[in-house]
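1. quick check, what structure comes out for this input:
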Amino acid sequence: MFNRILVPFDGSVGGEAALEKAAELAQLCGAELNILTVYRHHSMLEASFSMVRPSDPGNLDDVMQDHAREVAEHGKKRAAEAGAGNVRAFIKAGQPARTIVGFADEHGNDCIVIGSRGLGSVEGYLLGSVSHKVTALAEMPVLVI
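-> Predicted structure coming up:
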């Protein structure tokens with residue numbers, strides 16, 4: 001049925017539900033499960049306006065990338081615990097919906113399993129959720145959990 005399933009994972013409750021369902025589906029199909037955590041690129045201008053001023057601020061992109069890596073690895077561990085056999089985790093910077101669909105196309109994923117609500121911003125309520133945008137952009141089946 002499916003050979004390669006993509007599950008965008010942000011660590012949210014909705015993301016956890018989608019991950020569990022994707023792991024189950026991957027196990028049933030004998031499919032590879034790709035976990036993708038997308039983080040937003042922050043410009044130096046945005047970082048300069050940040051209200052948070054730790055003693056060593058570092059590069060905000062590096063901090064976001066490190067956090068995304070932790071979330072993706074957590075997702076990989078949870079998927080393996082849920083019974084998925086062949087699991088790979090990836091991180092990418094970018095606008096979530098376009099990055100998810102682009103990744104799915106580039107890596108030959110034939111199904112996307114995504115949570116209906118994740119850790120999106122208030123902008124998501126005004127402009128539409130990531131899951132809604134993914135369903136509009138993707139050419140492969142999208143299962144919204």
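2. in which helix or strand does residue 66 reside?
-> Here residue 66, judged by DSSP states H and E, is contained in helix 60-81.
3. which of the helices and strands in this protein ranks last by mean pLDDT?
-> When each helix and strand of the chain is scored by mean pLDDT, DSSP states H and E, helix 122-127 comes last, with a mean of 45.
4. need the next SSE after that helix, C-terminal direction.
-> Going down the chain from helix 122-127, the next helix or strand is helix 130-137, by DSSP H and E.
5. please name every helix or strand in contact with that following helix.
-> If you count contacts as 3 or more C-beta pairs under 8 Å, 6 or more residues apart in numbering; DSSP states H and E, helix 130-137 packs onto helix 96-106, strand 111-114, strand 142-144. Using the backbone N, CA and C atoms, a C-beta is placed for each residue, glycine as well.
6. which of those sits most buried?
-> strand 111-114 (a mean of 26; mean count of other C-beta atoms under 10 Å).
7. so how far is it off the chain centroid?
-> 10 Å (C-alpha atoms, centre = their mean, to the nearest Å).
8. what are the pairing partners of it, and which direction each?
-> Paired strands of strand 111-114, with direction, are strand 4-8 (parallel), strand 142-144 (parallel) (DSSP bridges).
9. can you redo those as JSON lines with mean pLDDT?
-> Listed next are the strands paired with strand 111-114 as JSON lines, based on pLDDT from 0 to 100:
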{"stretch": "strand 4-8", "mean pLDDT": "98"}
{"stretch": "strand 142-144", "mean pLDDT": "96"}
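10. in CSV, list these along with distance to residue 61.
-> Below are these laid out as CSV (distance: least, C-beta to C-beta, whole Å):
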stretch, distance to residue 61
strand 4-8, 20
strand 142-144, 29
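11. let me know which of those strands is the nearest to residue 27.
-> Residue 27 lies closest, by C-beta to C-beta, to one member of those: strand 4-8, at 10.3 Å.
12. can you list contacts of the helix or strand just after the closest one?
-> Counting by DSSP H and E, the next helix or strand C-terminal to strand 4-8 is helix 13-29. Helix 13-29 is touched from outside by 1-3, 5, 7-9, 31-33, 35, 75, 78-79, 82-87, 111, 113-119, 143, 145, with contacts defined as C-beta atoms under 8 Å, 6 or more residues apart in numbering.
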